[in-house]
Structures are given as structure tokens and as C-alpha cells.
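Asks: model this:
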Amino acid sequence: MMKSTVGSENVAIYGVATAVPETSYSQEFTSQFFQHLNAYSDKQKRFLRLLYRNTGIDERYSVIEDYRKEPADYQFFPKNDQLMPEPGLEARNDMYIRESNRLSERSVRDLFASDPGITPEEITHLITVSCTGFSAPGFDFHLVKALGLSLSVHRYHIGFMGCYAAFPALKLARDICRADSTARVLISIVELCSLHIQQKTDSDFMIANALFADGAAAAVVAQFSLKNGARPRSGSAPRNRSLLLLENFISRIIPGSETDMAWKIGQNAFDMRLSSYVPEIIGTNIASVVDDLLKPTGSTRDAINIWAIHPGGRAILDRSHRSLGLPMDSLHHSYDILRRYGNMSSATIFFVLKSILDGDESGMCFACAFGPGLTVEAGLLRKTG
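Replies: Below is the predicted model of the structure:
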């Protein structure tokens, strides 16, 4: 395995903001709704009841508002109580284009309203992340116009990598800032997973339907000086602000697991497959990922006092918790985000990191996410302040 190296330049996340659609649905409501669909047999409906009861999720958000309406008032689905025929890929992607523009703008505006010490005019690079839709120009172009970013801002898009894609974005931002001390990088993530819910009766699809949700997140990344704070062109970052220093990263493909988590374009939507074996695979491998990430630092797991594991599902968190031998409340940020929002693919880990930034802990943080491949991306972050 290729070793990660710890750079001498300090690069930090200066702030995180999140956004979700206005419409939410409880797991109980969603379970009952799907059990009324004729696509599922009585046996499959019993499976759905058990599945939704054990997700560890209370509520999820969606850009689709139809579920609470009468069929005659549906705007996205056909006007019948069975939602058939299912919307095609074009209709789903058209909603993605509208809502990705809207939610990305909301999260980025909230980020700058929180005063990260860097202004929109200072942004030199924009990295967007998504795997739930396409358009060109995309929501990166919309953000330039809506926020008045420089017309010469450098833009990059990380697409179709799934739940771990926030980490390639953070690594790219870190490398940009290491190469140029004046760089100010904005990361914007939008995932609208609920657009791709389908009435397929394969258990992998039913598991995905029970977990995934919609959300957006934004973060600013820049170099950090321990002596002077941030070095934006207009001055220093606010003092007494908590930051997350990006210290080290690692990536691992777990052999023989590529069919257990998959994401492809189907006939009517993006087909999400999430095997029931994923928690076991992650639980078997996560301890060695942590140890390999720590190896270049000379530290051990005892040095980590904050844990930010992607809440892909309750079983994933439970298996990770047991495999790492952690105290009971170590993953409280991850469990809480799962309970309140569900799995929002690549945006989810930023929700967890925002919870950590808003909290009282400080010190070394292990963060990771999992995605198609099966791939594990992880990072060592250090919370200051």
C-alpha cells in the first residue's frame, strides 16, 4: 500500500455549513407509505417493516414533496396512489438541476454568513461534489453567478464517486493550498438521493431506499499559520474560532467487494445497490485502516479522541464501534446525524464535521467514509479551539 505523508504546511477547514430541503418524512411514515404499494409482496412488506424499524433513522429530508399530498396534487409522480409509471431519468435529472442550484446556494450563503474569516471575493478555487445528477454548466457555474465569485475562479468537479467523495475534495483542496499559500478553496456538495428511489424489489434496492436522503454542505479550506491565524488577502481569520486542520489522508480499496456497493445509471433512475454484507466488510477492515493512517505520525489509536465515521447505516456504525473497541459514546456525532438526517451520501460526513466543530471537544479526529468499490477514504484532522 502506498503510504500517506504528513505535510509541513498547515491547511485547515475554516467553517462548515449544511442545508436540507424543506420537506421531511419520518421513517414510520415512509415505511407505511411503501407498504401500501402493490409492487411489494406480503413477505417483502414484512421485510420493509423490520428494515425501517432498525435503521437508527428518525427522519429524512427530500426534494420530493408528493408523498404527503393527495395523488391528484402530485407534481413529480403520476397522479395515482401507486406512483406508476415511475418517472423517467429526464424528469429526475431536471429536478436535480433545479434543486442542486438552490440547495448549494443556500449552504454556501449560510457558510459565509457564519463568518469563516474568508469572503466570497477571496475564493480562488471551487470544488463541487455530487453523484446524484448531471448538468453542464452545473451548480458550480450557478454558484459563481449567485455569489459573485471571480469569473476566473478555478473550478473542479468530483462526480459519481459516492459516499466517500468528500475526502477526495478535501485532499484536492489541501494540495491546492499547500502549493499556493494565497489559495482559498470553497467546497460545495449536493446529493439528492431521494430522486432515485424506485419500486424495485431486490433487497439491495430496498435497503438503499430505507437509508438515503437529500442534503447539501459547504466548507472553506485555506492555509493556517499557528502564529498569525489564516492568511486571507483582506486580513486574519477571527480569533477563538474552532478549525479542523487537515493532517493526513489514506485511501484503500477492499479486494473482492466491488459488487457489494454499486451505483450506475439505470433505465429510469440511478440504480443504488447496498448489500447487507457492507457492515461486515467495513467492520472487518476499519481497524487496519485507522492503524495505517496513524503509522506515519508515530501515534496509536489512543491519540484519537474524536471519531467521525460516515453514518451509512446503523449496522455500519455498530460494527465499526465494536471492531475499534470504542467507548459507548465515541460515535455520538455520527449516530445523531444518522438519526436526524439519514445517509445523504458524500454530504453526510460534512454534517458530522459541522457537529464536531460546533461541539466542545478538541484534539485528534479520525474521519472516514465508504463508497463504491468498496473504497474506504479516511483522514486525520485536528480540531483547534
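Asks: average pLDDT across the helix or strand containing residue 223?
Replies: Secondary structure from DSSP states H and E places residue 223 in strand 214-225. Averaging pLDDT along strand 214-225 gives 94.
Asks: residues of that strand that come out buried?
Replies: Using 16 or more other Cβ atoms under 10 Å as the test for burial, strand 214-225 gives 214-224. Backbone N, C-alpha and C define where each C-beta goes, glycine included.
Asks: what do you get for stretch 158-166?
Replies: Residues of stretch 158-166 classed as buried by neighbour count (16+ other Cβ under 10 Å): 158, 160-166.
Asks: hang on, residue 104 packs against residue 145?
Replies: No: the pair residue 104 and residue 145 does not pass the contact test of Cβ atoms under 8 Å, sitting 11.9 Å apart.
Asks: Settle it for me: which of these two has more neighbours?
Replies: Shown here are residue 104 and residue 145; by other Cβ atoms under 10 Å, residue 104 has more neighbours (26 against 12).
Asks: Tell me which helix or strand comes right after the worst-scoring helix or strand of the chain on mean pLDDT.
Replies: Within the chain, no helix or strand scores below strand 229-230, which has a mean of 47 by mean pLDDT, DSSP states H and E. Following strand 229-230 in sequence order, the next helix or strand is strand 243-253 (DSSP H and E).
Asks: Contacts for that next one next, please.
Replies: With contacts defined as Cβ atoms under 8 Å, 6 or more residues apart in numbering, strand 243-253 is touched by 1, 4-6, 10-14, 167, 170-171, 173-174, 221, 224, 285, 289, 292-293, 296-297, 353, 356-357, 365, 373-385.
Asks: contacting residues around the nearest residue to residue 371 once chain neighbours are set aside?
Replies: Using Cβ to Cβ, 6 or more residues apart in numbering and skipping residues adjacent in sequence, the residue nearest residue 371 is residue 162, 3.3 Å away. For residue 162, the contact set (Cβ under 8 Å, 6+ apart) comprises 131, 261, 263, 345-346, 371-372, 375.
Asks: closest to residue 313 among the residues you listed?
Replies: residue 261 (11.1 Å; Cβ to Cβ).
Asks: Give the burial count for the closest residue to residue 83 other than its chain neighbours, as a bare number.
Replies: In this structure, residue 83 finds its nearest non-sequential neighbour in residue 77, 4.4 Å apart by Cβ to Cβ, 6+ apart. Residues within reach of residue 77, counting by other Cβ under 10 Å, total 19.
Asks: what stretches of this protein score poorly on pLDDT?
Replies: Across the chain, residues meeting the criterion (pLDDT under 70) sit at 1-9, 225-240.
Asks: Tell me where it has strands.
Replies: Secondary structure of the chain (DSSP state E): strands located at 11-19, 23-26, 59-62, 125-130, 154-159, 184-192, 214-225, 229-230, 243-253, 261-265, 270-274, 304-309, 363-371, 375-384.
Asks: Of all those strands, which one comes closest to residue 96?
Replies: Closest among the strands of the chain, once you apply Cβ to Cβ, is strand 184-192, at 5.3 Å.
Asks: Within the sheet, what are the partner strands of that closest one, with directions?
Replies: Strand pairing for strand 184-192, determined by DSSP bridges: strand 125-130 (parallel), strand 214-225 (antiparallel).
Asks: Ok, which of these comes nearest residue 319?
Replies: Taking the strands paired with strand 184-192 one by one with Cβ to Cβ, strand 214-225 is closest: 23.6 Å.
Asks: The closest one vs strand 375-384, what angle?
Replies: With axes from the mean of the first three to the mean of the last three Cα atoms, to 10 degrees as the basis, strand 214-225 and strand 375-384 are set at 50 degrees to each other.
Asks: Could the C-alpha coordinates of strand 214-225 be exported in CSV?
Replies: This file holds the C-alpha atoms of strand 214-225, laid out as CSV (Å, rounded to 0.1, in the frame of the first residue of the first chain):
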residue,chain,number,x,y,z
ASP,A,214,-31.1,14.6,0.4
GLY,A,215,-28.7,17.3,1.7
ALA,A,216,-26.0,19.9,0.9
ALA,A,217,-22.9,21.1,2.6
ALA,A,218,-20.2,23.7,2.1
ALA,A,219,-16.7,24.3,3.5
VAL,A,220,-13.8,26.8,3.2
VAL,A,221,-10.3,25.4,3.2
ALA,A,222,-7.1,27.6,3.4
GLN,A,223,-3.6,27.6,4.8
PHE,A,224,-3.2,28.2,8.5
SER,A,225,-0.4,29.9,10.4
